[in-house]
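K.L.:
sharing a model that was predicted from the sequence below.
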Amino acid sequence: MLVRQGEHRGVSADRSLAWSLAGIAGAVNAAGFYAAGLYSSHMTGTVSTMADHLALGEMGAFGVALAIVATFIAGAMVSAMLINAGQRRGLSAIYAYSVCLEALLLAGLGAADVWLHELRGAALVMGLSFLMGLQNAIVTRISNARVRTTHVTGMITDIGIELGNLIDDLYHRNGRDRIRVTLDKLKTHLPTVGSFFLGGVLGVLGYSAWGAMLFVTLAAILAGFAAPVIFAEWRTAE
């Protein structure tokens, strides 16, 4: 799931990656909104909010929205730099290391959510935005942008496109091969959106029940995805 990149990956690997990490992303986003009233990866809405606040002269709120966008960009930037550095050094598990970094930072954010009081809302949203940028860049790079985990607008757009293609192919009888390709894409995108939604439901329930321990739990799940790949590379290097 976290080894091969681009065209060397099979559909099943992309699906496993998308469904797993979309669930995590959904939980993180919904829990962050529940805790602080702001989304950490909804960049379309956040940029629109920036424009709204700037036009109304609400500079404090504009600054908060700008900081969310900036931290998301920073997360994606760090992810790209980390992956590039790992590939230059021939680390086959570089994507697993990147996910492991996300897990460590998420656990740290859970601890900060407990210790910080007056600043917890701002720290939580900025930290989660950074992590969502990091994760989205990981998935985009490893799959050559075939799947995303936090960009639900893009995924729903893809679903609409493929449904339109499916109706067109069926109406014009374009052949089973084209229909099969379209159905395969829908079998990737529909469950990914469903996983994000389910993760969001569980994220709110988890945060309302356990608080910051939810983020520690999600971090442990991420580490569980990454650890086998990292250990396999270590064994190969011995």
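P.N.:
Looks like it arrived, so ask away.
K.L.:
quick one: the longest helix seen in the chain to chain centroid distance?
P.N.:
The helix that spans the most residues within the chain, counting by DSSP state H, is helix 176-210. Distance, stretch centre to chain centre, for helix 176-210: 12 Å (C-alpha atoms, centre = their mean, to the nearest Å).
K.L.:
try stretch 94-103
P.N.:
Offset of stretch 94-103 from its chain centre (C-alpha atoms, centre = their mean): 13 Å.
K.L.:
quick one: low-confidence residue ranges for the protein.
P.N.:
1-9, 117-119, 237-238 (pLDDT under 70).
K.L.:
give me that answer again for 90
P.N.:
Low-confidence regions of the chain, defined by pLDDT under 90, span residues 1-18, 35-45, 90-93, 110-125, 140-154, 169-179, 181, 211-212, 228-229, 231-238.
K.L.:
show me where it has its helices.
P.N.:
Counting by DSSP H, the helices of the chain are 11-36, 43-55, 59-88, 94-115, 120-142, 152-172, 176-210, 213-237.
K.L.:
reformat these as a markdown table; add mean neighbour count.
P.N.:
Where C-beta positions appear, they are placed from N, C-alpha and C, glycine not excepted. Below are these laid out as a markdown table (neighbours: other C-beta atoms under 10 Å):
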| stretch | mean neighbour count |
| --- | --- |
| helix 11-36 | 22 |
| helix 43-55 | 15 |
| helix 59-88 | 17 |
| helix 94-115 | 20 |
| helix 120-142 | 23 |
| helix 152-172 | 15 |
| helix 176-210 | 17 |
| helix 213-237 | 17 |
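K.L.:
contacts only, for S129.
P.N.:
40-41, 68-69, 71-72, 75 (C-beta atoms under 8 Å, 6 or more residues apart in numbering).
K.L.:
dump the residue contacts of L38.
P.N.:
32, 64, 68, 121, 125.
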